[in-house]
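Undergrad: Give me the fold of what follows.
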Amino acid sequence: MDSLKHIRKTVLPNGITVVTEYVDFVRSVAIGVWVEVGSRDENPENNGIAHFMEHMVFKGTENRTPFEIANTIESLGGNLNAFTGKELTCFYARVLDEHLPQAISVLSDILLHPLFLPEDIEKEKSVVKEELADVEDTPSDLIHEHFISQMYPDHPLGYSILGSRHSIGNFSRELIKEFTGRFYLPERMVISVAGHVDHEHLLELVTQSLGDFSPAVSNPRSLVPPREAATGVREYRNGMQQAHLISGVRTFSYSDPRRYALLVLNTVLSGGMSARLFQNIREKYGFVYSIYSFVDFFTDDGVFGVYIGTEKSQADFMQEKIAEELRQISDTLVSEEEVQKVKSQVKGSLVLSLENMFSRMNRLAKQDIYYKEFQTIDQYIARVEEVTADDVRALAGELFQEERIVTSILRPADN
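TA: Next comes the predicted model:
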């Protein structure tokens, strides 16, 4: 289906990694500049600064106004954006292949020459606080914040990516420049490009724009291992109509070979309207509109959870039903027929996603950052095919032990 011969990797003399995947059936390219920094690299006083930095680079550089940054790409029919996660920040663009030079120029400019004007910083504090308020007004988002905080108590993985009103209020030009100087380093950068791209041409463009970027400091990543999760149930209150809850467990890292079995297990529970959670809870009882399970992987840990939004009087009953589903999949062998159907879903979902160049670019970068090697679609499919019904039940039995389960419940305020 695909081949590693279309994937190339070069590490520039200054430490920046450049990876490309040539796709001959498109005329576009997706470019991502990935920096190994996120909320996991923060502390309580500067929590949210990685995300704030992502906002600030679009507020103007030494060479471009905010309008010129956006218009350079949008006038070509492309798009430009960024996102911040727990462990990574990505600045990306999608353009026609002929406009790759302009995209590289803009991305390198916002990374190397941001102004960080004090008046822009104060204005953007208000913007991010409104973003934080939006999460607080969206209980289906807020419960995820509570859950991850409960899952990783007093640890950076449990911090909000957005930060808090207190920490955002502390941000200054000096603090932002100190943070970027410490973490925005060539050794922490991966430039990933997927689409109709020539690797050698890309190297010329990156060398011209970023080849001289060689700070005197070095700061290889050193992560504090997560502590044990605080198990049990914790309740929160908010002024809304529904109750929202997540039950889940800590799992394992991106590189753990059991991740294939976990992806199959997750799809058994939540792979669409025919999956167990939807059929056995939403369809059977009718108290639920939204229900799904999810998996998040990190460098050295991971999370599995089941989310449900329900009528407030049914929250405890729904919690019992989720626990029942997790026990059942731990105690009873999943049929081979169900596993085969689910494996087809997992494979189909991946293959269909790779018709999108952004998905390919994303996958390419994460393979290099987390695995230090590349895997073809055929190799991935082969690993999924190796998963058996016994593997799924054994993993469920290992993970879904009652004493390991963490539950966060967001209930309506009493009044």
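Undergrad: residue ranges for the strands of this structure, please.
TA: Under the criterion DSSP state E, strands of the chain are mapped to 7-11, 17-22, 28-35, 79-84, 89-96, 189-195, 232-238, 242-250, 288-297, 302-311, 406-412.
Undergrad: mind listing the helices for the stretch 1-150 of the chain?
TA: For the stretch 1-150 of the chain, helices defined by DSSP state H, counting those that start in this stretch occupy the ranges 49-56, 66-74, 100-112, 118-136, 139-151.
Undergrad: Next one: the nearest residue to residue 69 once chain neighbours are set aside from residue 134, what distance?
TA: Excluding its sequence neighbours, the residue lying closest to residue 69 (Cβ to Cβ, 6 or more residues apart in numbering) is residue 58, at 5.8 Å. Bear in mind the C-beta positions are built from the backbone N, C-alpha and C, glycine included. For residue 58, the distance to residue 134 equals 19 Å [Cβ to Cβ, to the nearest Å].
Undergrad: go on, residue 54?
TA: Following Cβ to Cβ, the distance that separates residue 54 from residue 134 is 17 Å.
Undergrad: Kindly report the same for residue 333.
TA: For residue 333, the distance to residue 134 equals 44 Å [Cβ to Cβ].
Undergrad: ok, now residue 294?
TA: 20 Å.
Undergrad: With residue 63 instead?
TA: 32 Å.
Undergrad: sorry, back to before: residue 58 and residue 134: which has the busier surroundings?
TA: residue 58 (19 against 11; other Cβ atoms under 10 Å).
Undergrad: which intervals of this protein have sub-threshold pLDDT?
TA: Residue ranges of the chain with pLDDT under 70: 1-3, 415.
Undergrad: Could you pull up the residues touching residue 288?
TA: 281, 282, 308, 309, 310, 318 (Cβ atoms under 8 Å, 6 or more residues apart in numbering).
Undergrad: my guess is residue 41 contacts residue 48, does it?
TA: No. With contact taken as Cβ atoms under 8 Å, residue 41 and residue 48 are classed as non-touching, separated by 11.7 Å.
Undergrad: before we move on, the earlier item: can you redo the contacts of residue 288 as a markdown table with distance to residue 381?
TA: Listed next are the contacts of residue 288 as a markdown table, based on distance: Cβ to Cβ, whole Å:
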| residue | distance to residue 381 |
| --- | --- |
| 281 | 30 |
| 282 | 30 |
| 308 | 31 |
| 309 | 34 |
| 310 | 36 |
| 318 | 35 |
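Undergrad: With neighbour count and distance to residue 289 added, can I get those residues in a markdown table?
TA: Below are the contacts of residue 288 laid out as a markdown table (neighbours: other Cβ atoms under 10 Å; distance: Cβ to Cβ, whole Å):
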| residue | neighbour count | distance to residue 289 |
| --- | --- | --- |
| 281 | 21 | 11 |
| 282 | 18 | 8 |
| 308 | 29 | 9 |
| 309 | 20 | 6 |
| 310 | 24 | 8 |
| 318 | 23 | 12 |
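Undergrad: Setting aside sequence neighbours, what's the nearest residue to the residue positioned nearest the centre of the chain?
TA: Nearest to the geometric centre of the chain sits residue 85, at 5.4 Å (Cα atoms, centre = their mean). Nearest non-adjacent residue to residue 85, counting by Cβ to Cβ, 6+ apart: residue 38, 5.0 Å away.
Undergrad: swap in residue 391?
TA: Nearest non-adjacent residue to residue 391 (Cβ to Cβ, 6+ apart): residue 261, at 4.5 Å.
Undergrad: what's the spacing between that neighbour and residue 267?
TA: Taken as Cβ to Cβ, the span from residue 261 to residue 267 is 11 Å.
Undergrad: For those two, indicate the residue with more neighbours.
TA: Higher neighbour count among residue 261 and residue 267: residue 267, with 25 against 22, using other Cβ under 10 Å.
Undergrad: Give me the spatial nearest neighbour of the more buried one, chain neighbours excluded.
TA: Nearest to residue 267 is residue 342, by Cβ to Cβ, 6+ apart, at 4.6 Å.
Undergrad: distance of that neighbour from residue 22?
TA: Remark: distance between residue 342 and residue 22 (Cβ to Cβ) = 32 Å.
Undergrad: burial count for the residue lying closest to residue 264 once chain neighbours are set aside?
TA: Sequence neighbours aside, residue 387 is the residue nearest to residue 264 in space, at 4.8 Å (criterion: Cβ to Cβ, 6+ apart). Residue 387 has 21 neighbours, counted by other Cβ under 10 Å.
Undergrad: just to revisit the earlier point, who's more crowded, residue 342 and residue 22?
TA: residue 342 (25 against 16).
Undergrad: one step back: backbone dihedrals for the residue nearest to residue 85, both of them.
TA: phi -160, psi -160 (degrees, to the nearest 10).
Undergrad: sorry, back to before: pretty sure the residue nearest to residue 69 contacts residue 72?
TA: No. Contact between residue 58 and residue 72 fails when scored by Cβ under 8 Å: they sit 11.8 Å apart.
Undergrad: rewinding a little: could you save the strands of the chain as a markdown table and add columns showing distance to residue 128?
TA: Output for these, formatted as a markdown table (distance: least, Cβ to Cβ, whole Å):
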| stretch | distance to residue 128 |
| --- | --- |
| strand 7-11 | 34 |
| strand 17-22 | 30 |
| strand 28-35 | 19 |
| strand 79-84 | 11 |
| strand 89-96 | 15 |
| strand 189-195 | 24 |
| strand 232-238 | 21 |
| strand 242-250 | 24 |
| strand 288-297 | 23 |
| strand 302-311 | 25 |
| strand 406-412 | 22 |
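Undergrad: For residue 155, which of these is the nearest?
TA: Closest approach to residue 155 among the strands of the chain (Cβ to Cβ): strand 242-250, 11.4 Å.
Undergrad: Tell me the helices and strands packed up against the closest one.
TA: Applying 3 or more Cβ pairs under 8 Å, 6 or more residues apart in numbering; DSSP states H and E, we find strand 242-250 packed against helix 139-151, strand 302-311, helix 315-331, strand 406-412.
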